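Engineer: model the structure of this input:
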Amino acid sequence: MAINASIITRDTDKMSAVTGNIYKSVFIASQRAKQIAQDTKEELTQKLADFASNVDNLEEVFENREQIEISKFYERQPKPTSVSIEEFLDGGVAYRERETE
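Structural biologist: The predicted structure follows:
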């Protein structure tokens, strides 16, 4: 899925057409963005844990080329909100409404 990483204007009518309510649509997309951000953070932390050092001395911190490349890769990825809105508009986000009594 090719997602534009830059900021673009979204059509609120398209977003509200999915659920019938713009606020509900934004809430669903924001919850999905939180999930994406959390998954990405866990993945990055797991990859960078291999480079963790047991030394607490600031003078002995070494720059690792692989570590820098991994960090740059994650920085270039599109924002979680952009990904979640695209998924939501494409129908890739499953949601359910609570039953009111």
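Engineer: centre of the chain to stretch 35-48, how far?
Structural biologist: Relative to its chain's centre, stretch 35-48 lies at 9 Å (C-alpha atoms, centre = their mean, to the nearest Å).
Engineer: in it, which residues are buried?
Structural biologist: Neighbour-count burial for stretch 35-48 flags 36, 44 (criterion: 16 or more other C-beta atoms under 10 Å). Quick note: C-beta positions are derived from backbone N, CA and C, even for glycine.
Engineer: which helix runs longest in this structure?
Structural biologist: Identified as the longest helix of the chain according to DSSP state H is helix 22-49.
Engineer: other SSEs contacting that one?
Structural biologist: On a contact count with 3 or more C-beta pairs under 8 Å, 6 or more residues apart in numbering; DSSP states H and E, helix 22-49 meets helix 12-19, helix 65-76, helix 80-89.
Engineer: give the rounded mean pLDDT of it.
Structural biologist: In this model, helix 22-49 has a mean pLDDT of 91.
Engineer: okay, the angle between that helix and helix 80-89?
Structural biologist: Angle between the axes of helix 22-49 and helix 80-89 is 130 degrees (criterion: axes from the mean of the first three to the mean of the last three C-alpha atoms, to 10 degrees).
Engineer: what's the least confident stretch among the helices and strands packed on helix 22-49?
Structural biologist: Note on the helices and strands packed on helix 22-49: lowest mean pLDDT is at helix 65-76, with a mean of 84.
Engineer: right, I'll call it a day here.
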